[in-house]
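Colleague: structural data only, the sequence is not supplied:
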């Protein structure tokens, strides 16, 4: 498939994306001409050392941060042409994110955390669907527990259920096993790949773990703000 044709069908396309941020020492070039195309259902791992720009790449690709230059197209829409509200509407129900630090709402139960994005997306039967997804990540017995009552591994499984319950077309995962021990990390990794493929979601995974990255369809290396 030609590059232009791929861009029309890909859920995510980045072209010559740069990101420069201010610092006390002056402007810092975080991304330096990143190019990336992610096709439907494809899994892409981005590896590289801390500080190389991996998390910034996720933020720009998901429309959470505006690039300094270049273009980001999400489902065919150029994000630079959209205001914050329109970017949020574009993501809703189609894009999910899983982070290293879980980001569960502390005043909500596990089931309520999973149901929240379903309700925001206007899906019916949010509570029932949330319970089903908690069962799929092995947490049926923890539905009414609050985040502080769950282990780190359990919290990340809730976060994964929350991300996938809306059946997104595109899933971003930023170091999803980074705060977990080996056993829980392996469990979350298995669930991440298995459930993403089952749902048909394209997956962009940022990790420093070479073994985890090797499970993706493609592996790209981020070095000094450049994708290789």
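Modeller: Right, received. Where do you want to start? Owing to the predicted nature of the structure, the values given are computational and were not obtained by experimental measurement. Numbering: from 1, shown residues only.
Colleague: the helices in this structure, which residues?
Modeller: With helices called from DSSP state H, the chain shows them at 3-9, 54-61, 84-91, 110-120, 126-136, 152-165, 182-199, 210-213.
Colleague: ranking these by burial, who's on top?
Modeller: Here the criterion is mean neighbour count by mean count of other Cβ atoms under 10 Å, and of these the winner is helix 152-165, at a mean of 24. C-beta: built from backbone N, CA, C; applies to glycine.
Colleague: of all the helices of the chain, which lies closest to residue 39?
Modeller: Of all these, it is helix 3-9 that lies closest to residue 39, at 6.8 Å by Cβ to Cβ.
Colleague: pLDDT score assigned to the spatially most central residue of the chain?
Modeller: Taking Cα atoms, centre = their mean, the centroid of the chain lies closest to residue 172, which sits 1.5 Å from it. pLDDT recorded at residue 172 is 96.
Colleague: residue 61 and residue 37 touch, don't they?
Modeller: No. Using Cβ atoms under 8 Å, residue 61 makes no contact with residue 37, being 11.2 Å away.
Colleague: overlap in contacts of the two?
Modeller: Listed as contacting both residue 61 and residue 37 by Cβ atoms under 8 Å, 6 or more residues apart in numbering are 12, 14.
Colleague: my understanding was that residue 225 contacts residue 21; is that so?
Modeller: No. With contact defined as Cβ under 8 Å, residue 225 does not reach residue 21; the gap is 11.2 Å.
Colleague: can I assume residue 75 is in contact with residue 11?
Modeller: Yes. Between residue 75 and residue 11 a contact is recorded at 5.6 Å, counting by Cβ under 8 Å.
Colleague: quick one, which of these two is more surrounded?
Modeller: residue 11 (22 against 14; other Cβ atoms under 10 Å).
Colleague: quick check: the gap between that one and residue 200.
Modeller: 11 Å (Cβ to Cβ, to the nearest Å).
Colleague: what do the two both touch?
Modeller: Contact with both residue 11 and residue 200 is made by residues 40, 169, according to Cβ under 8 Å, 6+ apart.
Colleague: what bridges to residue 14?
Modeller: Counting by DSSP bridges, residue 14 is bridged to residue 36, residue 72.
Colleague: phi, psi for residue 224 please.
Modeller: Main-chain torsions, residue 224, degrees, to the nearest 10: phi 50, psi 40.
Colleague: and it, how far from residue 27?
Modeller: With distances taken as Cβ to Cβ, residue 224 is found 15 Å from residue 27.
Colleague: how much space between the residue nearest to residue 47 when sequence neighbours are not counted and residue 222?
Modeller: Taking Cβ to Cβ, 6 or more residues apart in numbering, and ignoring the residues beside it in sequence, residue 47 has residue 213 as its nearest neighbour in space, at 4.9 Å. Computed with Cβ to Cβ, the distance linking residue 213 and residue 222 is 11 Å.
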